[in-house]
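Trainee: Sequence and predicted structure are below.
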Amino acid sequence: MNGREESIRHMTGRMKRIINKHMRIEKLPVPVGETLRLSPSEIHSIQAVGHNEGANINTLGGLMGITKSAVSQMVGKLEKKGFMKKQSAADNNKDALIYLTPSGWNAYEIHEKFHERHLNDLLERLGDFSDTQIATTSMILSVLEGVMDERMSELFNI
């Protein structure tokens, strides 16, 4: 094995560890108050509605990459918990538009602050890297993503 191949193996091993750590984080309940915790899928649904308030079930499903049925179930669950509300569209009574309640907006803000801290940490720690180094890293990640897309296509006929 040459140095380049060894470096690539080391890089992909590190990437696997990063992905595994990310997946562990994504399974943890998200605190949105003193005693209240939401599942990652619940908080990400709140985030999707916060970014697209007034969207319908179909639109949210497309944005989140989940089925209309899954969105509908999640909206119902979060509606019962007081984080979302459905409202009929003005031009179509069958089409429900989804909005956050004040509690939903509070949870949204808490989650957004978490992501903001994460981004600020990255900006601070990557501050000494040149634009060229950042661009090169981005290109490498794009290649890795392309290889993963190919494997998924082979394995899952996507």
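Mentor: Ah, there it is.
Trainee: centroid residue for the protein?
Mentor: residue 44 (6.1 Å; C-alpha atoms, centre = their mean).
Trainee: Name all residues that make contact with it.
Mentor: residue 64 (C-beta atoms under 8 Å, 6 or more residues apart in numbering). The way it works is simple: take the backbone N, C-alpha and C, and place the C-beta from them, glycine included.
Trainee: what's the pLDDT at it?
Mentor: Listed pLDDT for residue 44 reads 93.
Trainee: residues of the helix or strand hosting it that come out buried?
Mentor: Counting by DSSP states H and E, the element that carries residue 44 is helix 40-51. For helix 40-51, the neighbour count (16 or more other C-beta atoms under 10 Å) marks 42, 43, 44, 45, 46, 47, 48, 49, 50 as buried.
Trainee: With stretch 16-34 instead?
Mentor: Buried residues in stretch 16-34, counted by 16+ other C-beta under 10 Å: 30, 32.
Trainee: Just give me how far the helix holding residue 44 sits from the chain centre.
Mentor: 8 Å (C-alpha atoms, centre = their mean, to the nearest Å).
Trainee: got the angle between the next helix or strand after it and helix 40-51?
Mentor: Downstream of helix 40-51, the first helix or strand assigned by DSSP H and E is helix 57-64. Put simply, helix 57-64 runs at 110 degrees to helix 40-51, going by axes from the mean of the first three to the mean of the last three C-alpha atoms, to 10 degrees.
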